[in-house]
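*Asks:* This is a predicted model, with the sequence first.
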Amino acid sequence: MKKTIYALIAFLIVGMSAVNAQIEVGSATLPETVTFDSQKLVYNGAGVRKKAWFKLYSGGLYLVQKSSDAKDIMEADETMAIKLHITSRLISSKKMINAVDDGFENSTKGNTAPISSEIEKFKGFFSDEINDGDIFDIVYVKGDGVSVYKNGTKKGTIAGLGFKKALFGIWLSDKPADKRLKKGMLGN
């Protein structure tokens, strides 16, 4: 009888841990941790990217150690990731590429020339059809560069800390894609 009670308690504890291992953000579910290149990253925060009244995607920021300092995160030469869970049929490849162009313009204060070839390569990672439910992982690995994964399949890698800073600035700069999304990613 005691063994049955202990087993039931253990089952409930494990079950509750599994439930808490994910975070609901808008209509998406994001994990509490992710692992890339053997580096475990923790959920820092998340939010929903909106345009007008449409919810386009849920985005989560993952870091080695939690932080609420956007500038430090952008400047850091540390492994980190942004997970984008597409939640709208309004997102298309063309619209995503246009948003990337606008994001880099804002992030670099119009000075995209030093990373123009990297931006073009990055936009190519979004050339395939994008569907509601697609998940993009944008991962910076220290010493390697930024890799993009679509639904778990690696699309490619772009080297350079300068590119990483501008890229993460799309969401975390003084002129982010969405101020509420930035605030959420910073854990506020």
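*Replies:* Thanks, I have it.

*Asks:* residues in contact with the residue sitting nearest the centre point of the chain?
*Replies:* Residue closest to the mean C-alpha point of the chain, counted by C-alpha atoms, centre = their mean, is residue 82 at 1.7 Å. With contact taken as C-beta atoms under 8 Å, 6 or more residues apart in numbering, residue 82 is in contact with 59, 60, 61, 62, 137, 138, 168, 171, 185. Quick note: C-beta positions are derived from backbone N, CA and C, even for glycine.

*Asks:* so how far is stretch 176-188 from its chain's centroid?
*Replies:* Centroid separation for stretch 176-188 versus its chain: 12 Å, with C-alpha atoms, centre = their mean, to the nearest Å.

*Asks:* which residues in the protein form helices?
*Replies:* All helices of the chain, identified by DSSP state H, fall at 2-20, 70-75, 93-107, 116-124, 161-172, 179-185.

*Asks:* Nearest to residue 34, out of the ones you listed?
*Replies:* helix 179-185 (14.1 Å; C-beta to C-beta).

*Asks:* List the buried residues in the closest one.
*Replies:* 181, 182, 184, 185 (16 or more other C-beta atoms under 10 Å).

*Asks:* low-confidence ranges in this protein?
*Replies:* 1-21, 26-27, 52-53 (pLDDT under 70).

*Asks:* Can you tell me how far residue 66 is from residue 44?
*Replies:* Separation of residue 66 from residue 44 (C-beta to C-beta, to the nearest Å): 5 Å.

*Asks:* And residue 159, by the same measure?
*Replies:* For residue 159, the distance to residue 44 - C-beta to C-beta - is 24 Å.

*Asks:* can you pull up the bridge partners for the residue nearest to the centre of the chain?
*Replies:* Taking DSSP bridges as the rule, residue 82 bridges to residue 61, residue 138.

*Asks:* Return the set of buried residues in stretch 89-98.
*Replies:* Result for stretch 89-98 [16+ other C-beta under 10 Å]: buried residues 91, 96, 97.

*Asks:* now stretch 44-54
*Replies:* 44, 45, 46, 47, 48, 49.

*Asks:* thinking in terms of the whole chain, how far from its middle is the longest strand along the chain?
*Replies:* Longest strand in the chain, counting residues (DSSP state E): strand 39-51. Offset of strand 39-51 from its chain centre (C-alpha atoms, centre = their mean): 6 Å.

*Asks:* circling back to that earlier point, with respect to residue 116, which of the buried residues of stretch 44-54 is nearest?
*Replies:* Nearest to residue 116 among the buried residues of stretch 44-54, with distances taken as C-beta to C-beta, is residue 49, at 24.5 Å.
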